[in-house]
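Visitor: Quick one, structure for this:
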Amino acid sequence: MIRRKRPPAPIERTASGYVIRLDDAERDLLTRLLGELTALITGPADVPAMRRMFPPAYHLATDEESETEYQRLMHEDLVASRLEALTTVTAALRDHSVLDEGGLGALMQSLNALRLVLGTLLDVDEEHDLDDVSPDDPMVGEHHLYGYLSYLLDAAVRAASS
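Guide: Predicted coordinates for the structure are as follows:
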């Protein structure tokens, strides 16, 4: 029986921290996406693609006042947290640096944020299966990108739990 060596995980725990093992094209793609996400987060708040990034805490019409107060108190903190994570990950990708626990958390937060925005644009739900997307779908590339981001997030979670 021939055993094939499995390729290294794209995110791996090492003795010195968490290593992101991506080629330059993948790093460039992620860096560009993180920059676009930064622009969305710091842009107008009413962009429909951002709906899942800052979901309401209160859903009932009778809780409108509570929701307004929650957003007033929490929105800027949530934005600051996301921007800090994006900055950390962008620097790690650019510098090929090893992440510590906090950096890995920032990576997971950033990958998930990208998935939330892309998932909103694609109207992804729990039933989403990349195999069900037609090659003729005008958004097939975006569906594959969503799958790739999901793969990277899964690799980060596996690295954290290894």
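
Visitor: Low-confidence stretches in the protein?
Guide: Along the chain, the parts satisfying pLDDT under 70 run over 1-6.

Visitor: Helices along that one, start to end?
Guide: 24-42, 64-95, 101-122, 140-160 (DSSP state H).

Visitor: contacting residues for the most centrally placed residue in the chain?
Guide: Central residue of the chain (C-alpha atoms, centre = their mean): L111, 1.9 Å from the mean position. Contacts for L111 were tallied using C-beta atoms under 8 Å, 6 or more residues apart in numbering; they are 149, 152-153, 156. C-beta coordinates here come from the backbone N, C-alpha and C atoms, glycine included.

Visitor: tell me which of the residues you listed is nearest to D63?
Guide: For the contacts of L111, the minimum distance to D63 (C-beta to C-beta) is 31.2 Å, reached by L153.

Visitor: Show the contacting residues for the closest one.
Guide: With C-beta under 8 Å, 6+ apart, L153 has these contacts: 108, 111-112, 115.

Visitor: And for L107?
Guide: Contacts of L107 (C-beta under 8 Å, 6+ apart): 11, 18, 20, 85, 88-89, 92, 99, 156.
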